[in-house]
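A.B. asks: Predicted model follows, preceded by the sequence.
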Amino acid sequence: MNHIKLLFFATIRDRAGTKSLEIDIPVDLTILGLKEKLSTDYPNLKDSMKSVLITINREYAFDDAVVPSNAEVALFPPVSGG
Amino acid sequence: MNHIKLLFFATIRDRAGTKSLEIDIPVDLTILGLKEKLSTDYPNLKDSMKSVLITINREYAFDDAVVPSNAEVALFPPVSGG
Amino acid sequence: MQPSTFNLPTIFSITESEIDLNDLLAKITLTSTGAAAIFTGMVRGVTSRDNPHETEFLEYEAYIPMAEEKMKQVADEIRERWPVIEGIAVVQRIGKLYPKTPTVLIACTAAHRDTGVFDAARYGIDRLKEIVPVWKKEVSPTGEFWVEGDYTPKPGE
Amino acid sequence: MQPSTFNLPTIFSITESEIDLNDLLAKITLTSTGAAAIFTGMVRGVTSRDNPHETEFLEYEAYIPMAEEKMKQVADEIRERWPVIEGIAVVQRIGKLYPKTPTVLIACTAAHRDTGVFDAARYGIDRLKEIVPVWKKEVSPTGEFWVEGDYTPKPGE
């Protein structure tokens, strides 16, 4: 298993009910797999997984990216700064 | 005769050697006529009359405009602010 | 004689403090600088377009370390597209911000104004609103809601 | 709901004092304002383009009452072309000004940034350099000369 840190922002944080979480994931789990796992483990997050943006170590990551060990993975809605 | 006030700026002022001048001009003198008069009366200004900008009462004025009595007439080179 | 990118000032920050335009402009002005284009965004108390509403305040949050990295990326993209740009400042203020308060600033300087300096600033604010991880929650007399953007970054962004 | 021109802030001035961007921006920010585009020009100590040279300082002078009327005209022209513009500031500093000093500012505000607010500011500085009676004399280590513009206003301008 790989240990990773999850960070939640904006609407996703509201639904997760927490700012961050440390979890263990299978080696070679992809972003797509992570989304499926989170939808199962945290049903509140399921609806958010469609439009969520995900970053691995502060770079945007996409469905087929593999999540490395000790990664900082952030989940958030499309940005709205300015 | 009409009494008018002349104002000089930038290069034109340097050549005129003064910031302002009060003069009398014939009634119905045009801007073109004024340029000719100044070229004659103040030879230092002659070369400047080709590219000079002239305003009457703070509005740009052109060769065939008649200079009214008590006008404030300014003479200056193309502007270079900013 | 284009100054080398080596020592050109690039400022990027997420801050809870007031945005000081005078100070930021001075920091990105070189001896060779003759023009600056600056964009600032402010909190609107009254919005008329699209979904008309009133705003009591906005609450901004950021994924700070990533936001600063992405601001640096926006600056790099500006320099790639407009190599004549001399200084760049990208600042996002976060926290609870009331109407009329400047919330964001993008400023670009160059030797002359006809060098793309306006386009560079415009590009900067557009990109910031696409890729820099900052969000705002609107609080109005009738409730609160998160504003969501509509851009999905592509791989490599 | 476009605010009426009646009480929209328009600032225009010739000044010998420092240009305070923070203050000017605050003065042209309305409750409905969400975006500002600001241009500033600075004295270059080193110029590379066209006629490369160094500048010790610039000495600005203005035909003050006319300059203020023409700045008002520039603002009116902006409002005619971009009716969504909310506030406008046009400021020219005069006197002896050293490299890196902001000498001129044009700022336009609007509800949103995609309303032409950048183009309006660009138009404003271009017009100021055409019709507002201000001149500058360059003083360099090797001598001094008046900078001359190249625009001849047309009747009605």
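C.D. replies: Happy to help now that I have it. Numbers count the residues shown, from 1 in each chain, chains lettered A, B, ... in the order given.
A.B. asks: State which helix of chain A is the longest.
C.D. replies: Counting by DSSP state H, the longest helix found in chain A is helix A:31-41.
A.B. asks: ok, which stretches of chain C are helices?
C.D. replies: So, for chain C - with DSSP H - the helices run C:21-27, C:64-81, C:117-131.
A.B. asks: Any idea which of these gets closest to chain D?
C.D. replies: Set against chain D and scored by C-beta to the nearest C-beta, the helices of chain C come closest in helix C:21-27, at 3.8 Å. The way it works is simple: take the backbone N, C-alpha and C, and place the C-beta from them, glycine included.
A.B. asks: Flag every buried residue along that closest one.
C.D. replies: By 16 or more other C-beta atoms under 10 Å in any protein chain shown, the buried positions in helix C:21-27 come out as C:21, C:24-25.
A.B. asks: which other helices and strands contact that helix?
C.D. replies: Using 3 or more C-beta pairs under 8 Å, 6 or more residues apart in numbering or on different chains; DSSP states H and E as the contact test, the elements touching helix C:21-27 are strand C:35-42, strand C:88-93, strand C:102-110, helix D:21-27.
A.B. asks: out of these, which comes closest to D:A121?
C.D. replies: Closest approach to D:A121 among those (C-beta to C-beta): strand C:35-42, 7.6 Å.
A.B. asks: of all the buried residues of helix C:21-27, which comes closest to chain B?
C.D. replies: Checking those against chain B with C-beta to the nearest C-beta, the nearest one is C:L25 at 16.0 Å.
A.B. asks: who are the neighbours in contact with that closest one?
C.D. replies: C:L25 is in contact with C:36, C:38, C:89, C:107, C:109, D:21, D:40, D:102, counting by C-beta atoms under 8 Å, 6 or more residues apart in numbering or on different chains.
A.B. asks: quick one: the first one and C:A107 touch, right?
C.D. replies: Yes. With contact defined as C-beta atoms under 8 Å, C:A36 and C:A107 form a contacting pair (6.0 Å).
A.B. asks: what is in contact with these two at once?
C.D. replies: When C-beta under 8 Å, 6+ apart defines a contact, the residues bordering C:A36 and C:A107 alike are C:25, C:28.
A.B. asks: List the beta-bridge partners for C:G95.
C.D. replies: C:Y60 (DSSP bridges).
A.B. asks: Now do C:P3, the pLDDT please.
C.D. replies: Looking at C:P3, its pLDDT is 47.
A.B. asks: I should have written C:P141 there, sorry.
C.D. replies: Value listed for C:P141 in the pLDDT field: 85.
A.B. asks: Quick check: phi and psi on it?
C.D. replies: phi -60, psi -20 (degrees, to the nearest 10).
A.B. asks: among the helices and strands packed on helix C:21-27, which is nearest D:E80?
C.D. replies: Per C-beta to C-beta, nearest to D:E80 of those: helix D:21-27, 21.7 Å.
A.B. asks: what about the residue nearest to A:F76 when sequence neighbours are not counted, how many residues close to it?
C.D. replies: When the adjacent residues along the chain are set aside, A:F76 lies closest to A:F9, with 3.9 Å between them (C-beta to C-beta, 6 or more residues apart in numbering or on different chains). For A:F9, the count of nearby residues is 23 (other C-beta atoms under 10 Å in any protein chain shown).
A.B. asks: The residue in chain A that chain B sits nearest to: neighbour count?
C.D. replies: Per C-beta to the nearest C-beta, A:G82 is where chain A lies closest to chain B, at 29.3 Å. Residues near A:G82, counting by other C-beta under 10 Å, number 23.
A.B. asks: So it is in contact with C:I131, correct?
C.D. replies: No. A:G82 is beyond contact range of C:I131, at 11.8 Å (criterion: C-beta under 8 Å).
A.B. asks: and the residue in chain C that chain A sits nearest to, bridged to which residues?
C.D. replies: Closest to chain A within chain C is C:V134: 2.8 Å, counting by C-beta to the nearest C-beta. For C:V134, the residues forming beta bridges with it (DSSP bridges) are C:A62.
A.B. asks: cool, the one 10 residues further on as well?
C.D. replies: On the basis of DSSP bridges, C:E144 takes part in beta bridges with C:V139.
A.B. asks: Let me see the contact set for C:D119.
C.D. replies: By C-beta under 8 Å, 6+ apart, the residues touching C:D119 are C:W82.
A.B. asks: where's it relative to chain B, distance?
C.D. replies: 19 Å (C-beta to the nearest C-beta, to the nearest Å).
A.B. asks: I'd like to know how far that residue sits from D:R122.
C.D. replies: Distance of C:D119 to D:R122, computed by C-beta to C-beta, to the nearest Å: 10 Å.
A.B. asks: what's the answer for C:V74, then?
C.D. replies: Counting by C-beta to C-beta - C:V74 and D:R122 are separated by 21 Å.
A.B. asks: Look through chain A and report the residue furthest from the middle.
C.D. replies: Centroid-distance maximum for chain A: A:G82 at 23.9 Å, with C-alpha atoms, centre = their mean.
A.B. asks: Mind pulling up the pLDDT for that one?
C.D. replies: 95.
A.B. asks: that older thread, most widely separated two among the contacts of C:L25?
C.D. replies: Farthest pair in the contacts of C:L25, by C-beta to C-beta: C:A89 and D:P102, 14.5 Å.
A.B. asks: Name the residue in those two with the higher neighbour count.
C.D. replies: Using other C-beta under 10 Å as the criterion, C:A89 and D:P102 rank with C:A89 on top: 27 against 21.
A.B. asks: Pick out the residue of chain A closest to chain C.
C.D. replies: For chain A, C-beta to the nearest C-beta, closest residue to chain C: A:G81, 2.8 Å.
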